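[1] dropping a prediction and its sequence here:
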Amino acid sequence: MGSQLSKIKLKIIESTKVGDVTLSSDTIVSSNGKEDFNLFLTIKNVTGTSRSPILSDNDHSLLNSENKLIKQIQNNLLLLINTTEQTEINSEINKILMKDILKFVTNHYQRTMKDIQDILKAQQRLQEALKKKLEIDKNINRSVFLEPYATPRTEQKGQVAVKRTTGEQHKAEYQFQKLSFFGLQTLTSILLILIRSAEKNDPRIVDQILGLASELCEQIPMKCLSSSALSRDTNNLLWKSLKPLANYMHELFLSEDQIVIKHAVKILLSISIAKASLKDILPILSKLIFNKDDIYDVRGLLLQMNDGLIETINERENRMHQAVNRKASTWSADSDSSEDEDENEDEDENDDEDETVDDDEDPYYGREHGDNTTLNETAVNVDSSATSTNDSTIEFDDRLERALNNRGQYARLGSTGKFYCGGTLDGPQCSCCNGKCGPTSGCNCSSCMLLDVQKRALSRGWLVNRDGASARCSRQETRTFYCGRKVMPDDGTSDGYCGPTNGPQCTACQKLNQQRSGRYNQIWTATSTNDNTIEFDDRLERTLNNRGRYARLGSTGKFYCGGTLDGPQCSCCNGKCGPTNGCNCSSCMLLDVQKQALPRGWLVNNEGTPARCSPSIPTTFYCGRKVMPDDGTSDRYCGPTNGPQCTACQTLNQQRCGRYKHIWIGQ
């Protein structure tokens, strides 16, 4: 760049030479005509030479003279500045700056930035290496008494359950290899022999032996003697190898030698931590209250034990979820088989009843949709002589409180009856949401969608749309979801239902169509859902209730037959079962319970949400949705244990002892 700048300097020096500038005052004067020297005289002299115009208007003549002088001076200066030589020099200088110097500066800047990035990367590598070195140095003499107990905290909860289980198994296997039965038994036997021999022959080295034994026991990992990943026999085997040492330490703990007592307490505490037994730890901690020589991270110990307790509770909840799902699947299969057995028995009776039904009372009778008449037409009898449901017959699960999805996040029901965890939506983002799973309505993540499918015990290939309605693709339109609800506008182009065989979709099913191949494509195995993998039933077309009447889904997702409501009449309805929303008859309520595979004691309120009485208030129904007003008196959820009810559950409370009291009898 120095050569370019020198070149520019030479150009400037050459332009300042006297002989190089051809423009002179004579040239300027000749190019502008005759010179008017009166412009440089005073006003008085000008008056003498040109008396008539100035005497007539002095101010006006003065202004004209000044303007003329200024304009002529500006023109002369402009000619001096814009000479041909100066213009050429400026052009050459600009060319040198833009072509050579700018390119040089740009290349130099890029090289400098690259060097800076290399330096930053080198610093990062050095920091990582230093961090690893510090960790290695820190763990050379690793002891549970020298480091905080709460190292692995809740940041691991967001991992997938399968990965977490695999990691726990590897960890358990490593611990088991580290603390094998043979190794522990051998070390324990040698320690006991050394200690007892030293007590008899040379008591002075007892302190050293106990100190080494204490350091050895401090290396035992926490919970390695009570790992849930190992069998009970393996845990008992490990504990059996340490039990003689623990019994002998209890004997030394009762001695009068304070040094021996100190070592015995450390060893007993290490063994209790390995057992993860709070019952064994608390008595030992009470002995350490007045110990001023050693520092114990008791808070960290309790935090880590609390983490272990949370893991145990989560494992128990997962086992309970699996048991409930298996039971629901079994119940659904048994119910379907019993319906098939009763079909032949009830067919003649149903045909007779269908012939006598008034068309005005049953608007759905006679409605045909392709092959729907060949679908499963069952009638389930309800024992009308039994008593009503009560708290002893209700089966509880965690769907109303909070359920753990497979991402390790707790989810609760929103206003639509779908599960939401409040986390980030996975898969392709849709334009209808803010990228969050709920937390009240809208789309949910794939993990919460899996909860929707599991808790409703949906058949293969079914999903739940953003309105909370179960949906599946039809046999004719194998790539189009339909929920079968009567939610379409009455524009004369359809019967008002979303599908269920073909035709227009509701908005929620249109959104589900867009998300099925991205966000929810792994719900039903790795392959996409299609007509070969979808299990069909008659819930979306029309279903025969136990009164022999055909029922279809309304806008709430409940079954309605359009007949007369049985039982005590409520003030919220017109005495009819639907046909679009509101309360339904007991026969259609039985269809709601059966098709959703609800646990014993559960019903469906008039907004289409499953509800049950809580354990603490066995006469009050709660649906667990986030539909309560934000008045600062509650968390806005309907229940699920106590507190205020939503309007739909209040209505269900009034009907449970009258219209729906026989739903669960004999089941």
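    Great, that's in hand.

[2] for the stretch 301-450 of the chain, which segments are assigned as strands?
    403-404, 410-413, 419-420 (DSSP state E, counting those that start in this stretch).

[3] out of those strands, which gets nearest to Gln522?
    With CB to CB as the criterion, Gln522 lies closest to strand 419-420 of the strands of the stretch 301-450 of the chain, at 16.6 Å. No exception for glycine: its C-beta is placed from N, CA and C like everyone else's.

[4] okay, the strands of the stretch 301-450 of the chain in CSV with distance to Ser272 next?
    As requested, the strands of the stretch 301-450 of the chain are exported to CSV (distance: least, CB to CB, whole Å):
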stretch, distance to Ser272
strand 403-404, 30
strand 410-413, 32
strand 419-420, 40
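
[5] minimum distance to Gly643: which of those strands has it?
    Using CB to CB, the strands of the stretch 301-450 of the chain put strand 410-413 closest to Gly643, at 14.1 Å.

[6] now for that closest one, which elements pack on it?
    For strand 410-413, the packing partners by 3 or more CB pairs under 8 Å, 6 or more residues apart in numbering; DSSP states H and E come out as strand 403-404, strand 419-420, helix 446-455.

[7] list the helices and strands the last one packs on?
    By that I understand helix 446-455. By 3+ CB pairs under 8 Å, 6+ apart, helix 446-455 packs against strand 410-413, strand 419-420, strand 463-464.

[8] could you do the second one as well?
    Strand 419-420 sits against strand 410-413, helix 446-455, with contacts defined as 3+ CB pairs under 8 Å, 6+ apart.

[9] sec struct for Arg466, please.
    Secondary structure assignment for Arg466 (DSSP: H, G, I helix; E, B strand; the rest coil): coil.

[10] state the phi and psi torsions of it.
    phi -70, psi -10 (degrees, to the nearest 10).

[11] give me the pLDDT value at it.
    Listed pLDDT for Arg466 reads 92.

[12] span of stretch 248-263 from start to end?
    12 Å (CA to CA, to the nearest Å).

[13] so for that stretch, what's the average pLDDT?
    79.

[14] residues contacting that stretch, please?
    The contact list for stretch 248-263 (CB atoms under 8 Å, 6 or more residues apart in numbering) reads 192, 195, 206-207, 210-211, 213-214, 264-265, 267-268, 271, 291, 293-294.

[15] buried set for that stretch?
    Within stretch 248-263, the residues that count as buried by 16 or more other CB atoms under 10 Å are 248-249, 252-253, 260-263.

[16] now swap in stretch 639-656 and tell me
    639-640, 643-646, 648-649, 651-653, 655-656.

[17] average pLDDT for that stretch?
    The model assigns stretch 639-656 a mean pLDDT of 88.

[18] how far does that stretch stretch from start to finish?
    17 Å.

[19] one more: stretch 464-474?
    Rule used - CA to CA; the end-to-end distance of stretch 464-474 is 15 Å.

[20] please identify the most buried of the helices and strands packed on helix 446-455.
    strand 419-420 (a mean of 28; mean count of other CB atoms under 10 Å).

[21] residues in contact with that strand?
    Residues from elsewhere that reach strand 419-420 (CB under 8 Å, 6+ apart): 403, 405, 411-414, 437-440, 444, 448-449, 451-452, 455.
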